[in-house]
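**Q** Dropping the sequence and predicted coords here.
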Protein chains: 2
Amino acid sequence: MLSEDTLIARYLAPIAGTGGLGLLDDAAVLSPPVGHDLVVTQDALVAGLHFFADDPPASIARKALRVNLSDLAAKGAVPAGFLLAFALPKGIDEAWIAPFAAALGEDAQDFGCQLLGGDTVRASGGLTLSITALGYCPTGRMVRRTTGQPGHVLAVTGTIGDSALGLQLRLTPDAAWARTLSAGSRQFLADRYLHPRPRNALALAIREYVGAAMDVSDGLLGDAVKLAAAAGSIGIAIAPRIDLGAIPLSAAAREALSLEPALIDTIATGGDDYEVLMAVEPDRLAGLTSACGALGCAVTPIGTLCAGQTPAFTALDGSPVRFGKLKFEHEWQR
Amino acid sequence: MLSEDTLIARYLAPIAGTGGLGLLDDAAVLSPPVGHDLVVTQDALVAGLHFFADDPPASIARKALRVNLSDLAAKGAVPAGFLLAFALPKGIDEAWIAPFAAALGEDAQDFGCQLLGGDTVRASGGLTLSITALGYCPTGRMVRRTTGQPGHVLAVTGTIGDSALGLQLRLTPDAAWARTLSAGSRQFLADRYLHPRPRNALALAIREYVGAAMDVSDGLLGDAVKLAAAAGSIGIAIAPRIDLGAIPLSAAAREALSLEPALIDTIATGGDDYEVLMAVEPDRLAGLTSACGALGCAVTPIGTLCAGQTPAFTALDGSPVRFGKLKFEHEWQR
């Protein structure tokens, strides 16, 4: 059995950044750049809820870090470092830890987000990870969730629904659409579920052009309602209007949707997208689109923020659509 | 069943600090004071390992925060804020959450450490908490674990072993010493297990007078070996020499030890003390003792750091003592 000290010395210390002090100390230390705020976020992931216990350890590592990086991206913050607490069940051995740590180290490098420290404990249930990510942005410039206004365009980065479809493929592999879907699409969607692609490359453009933002993790429609409610919480009531036909889809998602039109529900409310939902002043949209386009990412307007209490979702033909629930809910409320 | 949104809005948002933005955003924001480093630490706690699942929720909250505050204290850092990720099992309801949140809010206030954010997920096993605490200290002044030197006096704050004895009382209530112990001592030790008293009040004195430090969480002797090894990791080998008779004991611990001399093992290696172990230049010891004394905390010299590989522990009569293991180990290695 791998001891905690060995785990740290052999697998985690080698991938730690300088602020982590070799993981030999009680705490990590960072020198925040003058004129900058510290932006901090923490997301926990539980096997069986946020990932499958038998997912590749490298994928679990990347997902755990990237869902946190996605929050920093949506806030316009540049990653600085992270801490990882994991509760490991008994079955976890070096064959599991080695690729987990290697992937974590790769992502830390790729995203410029050094491992600073953390804690390792024995899980009483399944694998549970909690990552705290730290980033910087110029003082007072963090992009808030509460600053949307009526008249703002709602826009999203990238494509929506891929990850939720990838999850659906794993949950119901025998559904007619799943069996008919091309192998390429199946693989693309499965990969999007395993490997979020947080939009950290866009952080500066988001900070420059966007009025309010959040990352899309619980489902586009529910998150849009949340963004509107947060904006409305400090003024008049605000609700989103979204044109479902405008939601940007990958070729794979379009193929799935053509095979099973009911999947629009999964796409629009399934979550795990880790794209950025933005409220943008109409005359800033072109600048945002062009800045993100130059960085290789599409920005698609999908609706607006409006004064009022009631969200409005319209189908391609303009008719109103009702959803049973607007966001993916884990076991939490069942 | 309590929804996550209700839990946050009803119990956590009211105790959050200004940096937590009402827990309405993806991230928290802090403005680090110019000329200061950020000190960050993360500790996870699992029901059945770090506390009893049926401990009072208020005690669990205080312990989860305080074990992190203890790390900041040992580093000479002043608390700024914390994030809490908790994985909640199904049985947890509002009757549990209400006192948990109230106690957490009280401690946040008392220690000047605002709740900034976090995450709430469904546990696959027992209650699991992960707290990340952030603090500040003047640039370059964090007290390291690696900076001990041969000739440094080893000293500890407060008293050692109380918490480990409190745990032992719960694990073996029918042991002869436990049945004989006075009610007052029993209550004192039980309380010390439930409610760590981190030494944040001493942070500035520690920063001013101490050469190297860590908090005592895994057992005094094992932690002393760790402190020495960390110092030795960047130079010649260093080992601690500790006089077991010098270890400062509470009246309750002295009573327990008089009833059962073998408890010296529990006291010296049991852990959960959350006192600060310090390596101090001999001519700084008087200043440290006086500064901490003025703040109501005793500092007791218990040994020295010496060049060499082998820790030496001596009994009251000067004879060498050997321990089977030097620190408390959770289920981890069993």
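**A** Perfect, thanks for sending it.
**Q** Skipping adjacent residues, who's closest to the residue in the stretch 1-150 of chain A that chain B sits nearest to in space?
**A** In the stretch 1-150 of chain A, the residue that lies nearest chain B is residue A:125 (2.0 Å; C-beta to the nearest C-beta). Bear in mind the C-beta positions are built from the backbone N, C-alpha and C, glycine included. Leaving aside its chain neighbours, residue A:125 sits nearest to residue B:125 (2.0 Å; criterion: C-beta to C-beta, 6 or more residues apart in numbering or on different chains).
**Q** sec struct for the one you found, please.
**A** Following DSSP: H, G, I helix; E, B strand; the rest coil, we place residue B:125 in the coil state.
**Q** right, and residue A:97 touches residue A:11 too?
**A** Yes - in terms of C-beta atoms under 8 Å, residue A:97 counts as a neighbour of residue A:11; the distance is 5.2 Å.
**Q** For the residue nearest to residue A:163 when sequence neighbours are not counted, give me the backbone phi and psi.
**A** Nearest residue to residue A:163, sequence neighbours excluded (C-beta to C-beta, 6+ apart): residue A:272, at 4.0 Å. Note on residue A:272: its backbone torsions stand at phi 60, psi 20 [degrees, to the nearest 10].
**Q** can you pull the contacts of residue A:272?
**A** A:163, A:164, A:167, A:193, A:196, A:217, A:328 (C-beta atoms under 8 Å, 6 or more residues apart in numbering or on different chains).
**Q** Distance from the chain centre to whichever strand or helix holds residue A:69, please.
**A** Assigned by DSSP states H and E, residue A:69 falls within helix A:57-74. In this view, helix A:57-74 has its centroid 7 Å away from the chain centroid, taken as C-alpha atoms, centre = their mean, to the nearest Å.
**Q** Per-residue pLDDT of residue A:334, please?
**A** As predicted, residue A:334 sits at a pLDDT of 32.
**Q** Rebuild the contacts of residue A:272 as CSV, extending it with neighbour count.
**A** Below are the contacts of residue A:272 laid out as CSV (neighbours: other C-beta atoms under 10 Å in any protein chain shown):
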residue, neighbour count
A:163, 28
A:164, 26
A:167, 22
A:193, 23
A:196, 22
A:217, 23
A:328, 16
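**Q** tell me the domain ranges of chain A?
**A** Domain segmentation of chain A under automatic domain parsing yields A:4-138, A:153-328.
**Q** Among those domains, which comes closest to residue B:145?
**A** With C-beta to C-beta as the measure, domain A:4-138 is the member of the domains of chain A nearest residue B:145 (4.5 Å).
**Q** so for the closest one, what's the average pLDDT?
**A** Here domain A:4-138 scores 94 as its mean pLDDT.
**Q** from the chain's centre, how far out does it sit?
**A** 15 Å.
**Q** Repeat that for stretch A:192-205.
**A** Centre-to-centre, stretch A:192-205 and its host chain are 7 Å apart (C-alpha atoms, centre = their mean).
**Q** What residues of it count as buried?
**A** Residues of stretch A:192-205 classed as buried by neighbour count (16 or more other C-beta atoms under 10 Å in any protein chain shown): A:192, A:193, A:194, A:195, A:196, A:197, A:198, A:199, A:200, A:202, A:203, A:205.
**Q** State the number of residues packed around the nearest residue to the fourth one once chain neighbours are set aside.
**A** Looking back up the chat, that one is residue A:195. Nearest non-adjacent residue to residue A:195, counting by C-beta to C-beta, 6+ apart: residue A:62, 5.7 Å away. A count of neighbours around residue A:62, defined by other C-beta atoms under 10 Å in any protein chain shown, yields 22.
**Q** For residue A:46, grab phi and psi.
**A** Dihedral angles (degrees, to the nearest 10) for residue A:46: phi -120, psi 130.
**Q** Now do the contacts for it.
**A** Counting by C-beta under 8 Å, 6+ apart, residue A:46 has contacts A:125, A:126, A:127, A:128, B:87, B:121, B:122, B:123, B:124.
**Q** Any idea what it is bridged to?
**A** Judged by DSSP bridges, the bridge partners of residue A:46 are residue A:128.
**Q** Do a quick rundown of the helices in chain A.
**A** In chain A, the helices defined using DSSP state H lie at A:4-6, A:57-74, A:94-110, A:162-171, A:176-180, A:183-194, A:203-209, A:220-232, A:251-259, A:264-269, A:285-294.
**Q** Same list (the ones you listed) but as JSON lines, adding distance to residue A:316.
**A** Putting those into JSON lines (distance: least, C-beta to C-beta, whole Å) gives the following:
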{"stretch": "helix A:4-6", "distance to residue A:316": "55"}
{"stretch": "helix A:57-74", "distance to residue A:316": "28"}
{"stretch": "helix A:94-110", "distance to residue A:316": "38"}
{"stretch": "helix A:162-171", "distance to residue A:316": "19"}
{"stretch": "helix A:176-180", "distance to residue A:316": "19"}
{"stretch": "helix A:183-194", "distance to residue A:316": "21"}
{"stretch": "helix A:203-209", "distance to residue A:316": "28"}
{"stretch": "helix A:220-232", "distance to residue A:316": "16"}
{"stretch": "helix A:251-259", "distance to residue A:316": "11"}
{"stretch": "helix A:264-269", "distance to residue A:316": "10"}
{"stretch": "helix A:285-294", "distance to residue A:316": "22"}
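**Q** low-scoring stretches of the stretch 151-300 of chain A, by residue?
**A** By pLDDT under 70, the stretch 151-300 of chain A has no low-scoring segment.
**Q** Chain B contacts on that one?
**A** Within the stretch 151-300 of chain A, the positions lying close to chain B (C-beta under 8 Å from any C-beta of the partner chain) are A:214, A:215, A:230, A:233.
**Q** hmm, back to that, for the domains of chain A, which one ends up most surrounded?
**A** Ranked by mean neighbour count under mean count of other C-beta atoms under 10 Å in any protein chain shown, the domains of chain A are led by domain A:4-138, which reaches a mean of 22.
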